[in-house]
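A.B. asks: Pasting a predicted model and its sequence here:
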Amino acid sequence: MKHLLQTKCIIIGNGEFDKIHPDYTADYVIGADVFTDGVNLIVGDFDTLNAEEVPDGIETVRFPSEKNESDLELAVEQAVKRGFNTFYIYGALGGRLDHTLASIAVLTSIAKRGMTGWLIGENEIVTAVTDGRITLNNRNCVLSIFPAGESAEGVTLTGMKYPLDNAVISNDNSLGLSNVVIGDNAAVEVKDGTLIVILSEIT
C-alpha cells in the first residue's frame, strides 16, 4: 500500500509483514520480543524470542512473563522514554483478533497522550486521533472511522467521496464505514473524542 509517512521510531511486532519493507534508516528501531536486522533495542518478556538469538551489542530490556502490559505497550513506553512521539508499528495487525484489538488499544492510548501511532499492515493502515486533525496522502484508499469510546463529536471529513461536517460518530451505527479518499490533502478532524481511522486498499 502506498503511504507517505515520515519515519520517526519503528516498532516491529511478532505478526507477519512479508510484503512490507520497513525503512530501517529510521531514527530508532525497537523489536517487541522480536529481533531482525536494523533493530536497536529489544523489549519484552522473551517468551517468543530466545535471548540467545540476540547478537552481542543489541540493547535489551526484559520484563517478567506475568505482566499487565503487552510487549507492544512496553516497546512504546521505552520509545517515549527515549524522546520519540511518532511510531510506525509493523507486525501488529492480522492473526489473532484479540491481539489486533490490543494493538488498536495501544493506538488510542498513544493518541490520547497527544502522540501519533500507525499500525502498518499488508493491506491496511490504522491510526487514531484524539481532539485533533490528521491529514492523509492515500488517494483512492477506502477509509473507515470508528469511535474509540461511546461516541466522537465534531467529526469533519474533507477530501473524501462522502464528506462530513461536524458530525457525531457513535458505536451503535456504521456511519463511518467505507468512505473513499479522493483528495491529495484529505483530512480527518474530531473535536471531542478519539477516532480509530482505518485505510484499506481498493481491490
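C.D. replies: Arrived safely. Residues are numbered from 1 along each chain as shown.

A.B. asks: Direction included, what does the helix or strand of the chain with the lowest mean pLDDT pair against?
C.D. replies: When each helix and strand of the chain is scored by mean pLDDT, DSSP states H and E, strand 59-62 comes last, with a mean of 82. Its sheet considered, strand 59-62 pairs with strand 41-44 (parallel) by DSSP bridges.

A.B. asks: just to revisit the earlier point, following element in sequence after the least confident helix or strand of the chain, please.
C.D. replies: Sequence-wise, the next helix or strand downstream of strand 59-62 (DSSP states H and E) is helix 71-81.

A.B. asks: I figured residue 110 was touching residue 128, is that so?
C.D. replies: Yes - assessed by Cβ atoms under 8 Å, residue 110 is found in contact with residue 128 at 6.9 Å. All C-beta spots, glycine's among them, are computed from the backbone N, C-alpha and C.

A.B. asks: Surely residue 143 touches residue 195?
C.D. replies: No - look at residue 143 against residue 195 with Cβ under 8 Å: they stay out of range, at 10.8 Å.

A.B. asks: Tell me which of the two has more neighbours.
C.D. replies: A count of neighbours by other Cβ atoms under 10 Å puts residue 195 above the other of residue 143 and residue 195, at 26 against 23.

A.B. asks: Bridge partners for that one, pull those for me.
C.D. replies: Here residue 195, judged by DSSP bridges, has bridge partners residue 129, residue 147.

A.B. asks: Now do the helices in this structure.
C.D. replies: Assigned by DSSP state H, the helices in the chain fall at 71-81, 97-112.

A.B. asks: Other residues contacting the shortest one?
C.D. replies: The one in question is helix 71-81. 9, 11, 13-14, 28, 30-33, 41, 43-45, 61, 63, 67, 69, 87, 89, 92, 102-103, 106, 109-110, 115, 117 (Cβ atoms under 8 Å, 6 or more residues apart in numbering).

A.B. asks: Now a ChimeraX select for only the buried ones of these.
C.D. replies: Selection of the buried residues among the contacts of helix 71-81 in ChimeraX, burial being defined by 16 or more other Cβ atoms under 10 Å:
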select :9,11,13,14,28,30,31,32,33,41,43,44,45,87,89,92,103,106,109,110,115,117
